[in-house]
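**Student:** my questions are about this predicted structure, shown below with the sequence.
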Amino acid sequence: MAHLTRILAATVAVGLAAPVLAQGTTPLKPIGRQAQSAQPPVAPIAPPPSPPREWTGEDGASGHPQMKASAIRAAAANFEGCLEGLWPLAAKRNISRASFDKSVKGLTPDLRIMDLVDSQPEFTKAFWDYLDILVNDARVQNGQDMLNKHKASFDKVEKAYGVDRHYITAIWGVESNYGTLGGDRPVIRSTATLACVGRRQAYFRDEFLAALEILHRNDVRADQLKGSWAGAFGPTQFMPTSFKRFAVDFDGDGRRDVVDTPIDMIASTANNLKKDGWVAGQTWGYEVVLPKGFNYLLADRSKQKTVAEWEALNIKRAGGKAFPRGEDKAYLLVPAGHQGPSFLMLQNFRVIMKYNPAEAYAMAIGHLADRLRGGTPFVQAWPRHEAVLSREERRELQEKLRAKGFDGGEPTGRLGPKTRAAVRDFQSSVGLIPDGFATTAILARLRR
Ligand code: CA
């Protein structure tokens, strides 16, 4: 299952609501890591000026029956009963009654979260805007400070897990701006709310129970277990279930403290990447230059070739360096059309995508890691003159594609790989360069 997104964290880290992608594969989701597998990607942004502390009392924008204001009120009224109903499941996990009571006693639902679950900000960001926000000089400098400060820990963790320290640091920086911004909502209360109220109850029941386990084992104390509204916590924003799978007690003090013990946090994040298939010694990807007349239909996640095979198609590394490992498998990603940079993506890029299934996120992690070890910004320019399509325009684009027989998936207003493929097929059918990039020009052409 794809990990949920850490975008919320990322957004917290940049002081914005989650950025949304107008283009790009899987756009960013507005919740913390892992929370949204069942939901289409959302496109958020826009810093709510100062977020209201109380629930608006309105129906959710999703229109889901469990997001109706009346349903939310009814579920909230039964909150205590709902939690008690989860006790047998907690008992099965060997959580003691005393520990259960201590965690849920006096707990009330945080209904403000219901507004966040269904928030649909209109403003969206382009791929390059998102990268600009997440990878900048300040974040590079602060990351280098972290690498120096925790050098001894990174030495040990790198040796144990084979995951390059720059990626761990990049995740740390993107998720919480190095632990300075990670959310202050009690995870127990957030996950209990989501487990008992609203449209994501089944998903969050497991998160709530995993959070109870964390407290029962005292891996993280209740006063430390705070985070995003979706329950992601700590500098690298573990969801409770991902904590359960990946957290390690690296310093051997008996607690897997991914919040306040840096070496546990660093090792747990490395363990997560390793278990997800990290290839030691391999980079995430390469910025590349495509030859004139290149067949853009090859730019597809399902079309993997070795780096040497791509080279044989006259693809060169941007900046002129040679590719170091010709035998590695890669796919070609052209996130902003033929006027923007292209990339060959390796296995480790796929691993980062499991941490958060958004291409712009994964690229920000990879690029920040490169910058942390002294790498330069991307060589090729982004097509910054291209206007970002509004949600309505994106929906219209999808409807028009569908009407013409190009299946871009449900017209949700969110652009993913399916829409990209449909755009490409449409472009191909009318003699345009099939780069899959949804621009205002493409929309205009579809309106004809
Ligand atoms: Ca420990």
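**Tutor:** It's in.

**Student:** count of neighbours near the closest residue to the ion within the stretch 301-448 of the chain?
**Tutor:** Using C-beta to the ion, the closest approach of the stretch 301-448 of the chain to the ion is made by Tyr355 at 21.8 Å. C-beta here means a position set from N, CA and C on the backbone, and glycine is covered the same way. Residues near Tyr355, counting by other C-beta atoms under 10 Å, number 28.

**Student:** mind checking which helix or strand the residue in the stretch 51-200 of the chain positioned nearest to the ion is in?
**Tutor:** Residue nearest to the ion within the stretch 51-200 of the chain: Ser153 (11.8 Å; C-beta to the ion). Element membership of Ser153 [criterion: DSSP states H and E] is helix 151-161.

**Student:** now do that helix: which elements does it pack against?
**Tutor:** Identification of packing neighbours for helix 151-161 by 3 or more C-beta pairs under 8 Å, 6 or more residues apart in numbering; DSSP states H and E yields helix 165-176, helix 262-275.

**Student:** which helix or strand lies directly C-terminal to the longest one?
**Tutor:** Counting by DSSP H and E, the element after helix 262-275 in chain order, helix or strand, is strand 285-289.

**Student:** partners of whichever helix or strand comes after that following strand in the sheet?
**Tutor:** Downstream of strand 285-289, the next assigned helix or strand under DSSP H and E is strand 305-306. Strand 305-306 pairs in its sheet with strand 329-333 (antiparallel), by DSSP bridges.

**Student:** could you give the angle of the strand it pairs with to strand 285-289?
**Tutor:** Comparing the axes of strand 329-333 and strand 285-289 via axes from the mean of the first three to the mean of the last three C-alpha atoms, to 10 degrees yields an angle of 50 degrees.

**Student:** quick one: buried residues of strand 329-333?
**Tutor:** Ala330, Tyr331, Leu332, Leu333 (16 or more other C-beta atoms under 10 Å).

**Student:** okay, these in JSON lines with pLDDT and distance to the ion next?
**Tutor:** Listed next are the buried residues of strand 329-333 as JSON lines, based on pLDDT from 0 to 100; distance: C-beta to the ion, whole Å:
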{"residue": "Ala330", "pLDDT": "98", "distance to the ion": "37"}
{"residue": "Tyr331", "pLDDT": "97", "distance to the ion": "38"}
{"residue": "Leu332", "pLDDT": "96", "distance to the ion": "42"}
{"residue": "Leu333", "pLDDT": "95", "distance to the ion": "38"}
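
**Student:** helix or strand right after the helix or strand that contains Lys400?
**Tutor:** Using DSSP H and E, Lys400 maps to helix 391-403. In the C-terminal direction, the helix or strand that comes right after helix 391-403 (DSSP H and E) is helix 417-429.

**Student:** any idea how far that next one is from the middle of the chain?
**Tutor:** 24 Å (C-alpha atoms, centre = their mean, to the nearest Å).

**Student:** ok, and what's touching that helix?
**Tutor:** Helix 417-429 has contacts (C-beta atoms under 8 Å, 6 or more residues apart in numbering) with 25-26, 296-297, 300-301, 397-398, 401-402, 404, 406-409, 433-438, 442, 446.

**Student:** list the residues that contact the residue in the stretch 101-250 of the chain positioned nearest to the ion.
**Tutor:** Closest to the ion within the stretch 101-250 of the chain is Asp249: 4.1 Å, counting by C-beta to the ion. By C-beta under 8 Å, 6+ apart, the residues touching Asp249 are Asp219, Arg255, Arg256, Asp257, Asp264.

**Student:** pLDDT of the helix holding Ser153, averaged?
**Tutor:** On average, the pLDDT along helix 151-161 is 98.

**Student:** then stretch 198-213?
**Tutor:** Computed over stretch 198-213, the average pLDDT equals 97.

**Student:** return that stretch as PDB; C-alpha atoms alone will do.
**Tutor:** Written as PDB, here are the backbone C-alpha positions of stretch 198-213 (Å, rounded to 0.1, in the frame of the first residue of the first chain):
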ATOM      1  CA  GLY A 198     -16.300  11.100   9.400                       C
ATOM      2  CA  ARG A 199     -15.600   9.200   6.300                       C
ATOM      3  CA  ARG A 200     -12.200   7.600   7.000                       C
ATOM      4  CA  GLN A 201     -13.100   5.600  10.100                       C
ATOM      5  CA  ALA A 202     -12.000   2.200   8.900                       C
ATOM      6  CA  TYR A 203      -8.600   3.500   8.000                       C
ATOM      7  CA  PHE A 204      -8.000   5.400  11.200                       C
ATOM      8  CA  ARG A 205      -9.200   2.700  13.500                       C
ATOM      9  CA  ASP A 206      -5.900   0.900  12.800                       C
ATOM     10  CA  GLU A 207      -4.000   4.200  13.300                       C
ATOM     11  CA  PHE A 208      -5.700   4.800  16.600                       C
ATOM     12  CA  LEU A 209      -5.000   1.300  17.900                       C
ATOM     13  CA  ALA A 210      -1.400   1.600  16.800                       C
ATOM     14  CA  ALA A 211      -1.200   4.900  18.700                       C
ATOM     15  CA  LEU A 212      -2.600   3.100  21.800                       C
ATOM     16  CA  GLU A 213       0.200   0.500  21.500                       C
END
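
**Student:** now the residue of the stretch 51-200 of the chain closest to the ion: how far from Asn177?
**Tutor:** The gap separating Ser153 from Asn177 is 19 Å, by C-beta to C-beta, to the nearest Å.

**Student:** pull out the buried positions in the helix of greatest length in the chain.
**Tutor:** Across the chain, the helix with the greatest residue count (assigned by DSSP state H) is helix 201-217. For helix 201-217, burial by neighbour count (16+ other C-beta under 10 Å) applies to 201, 203-216.
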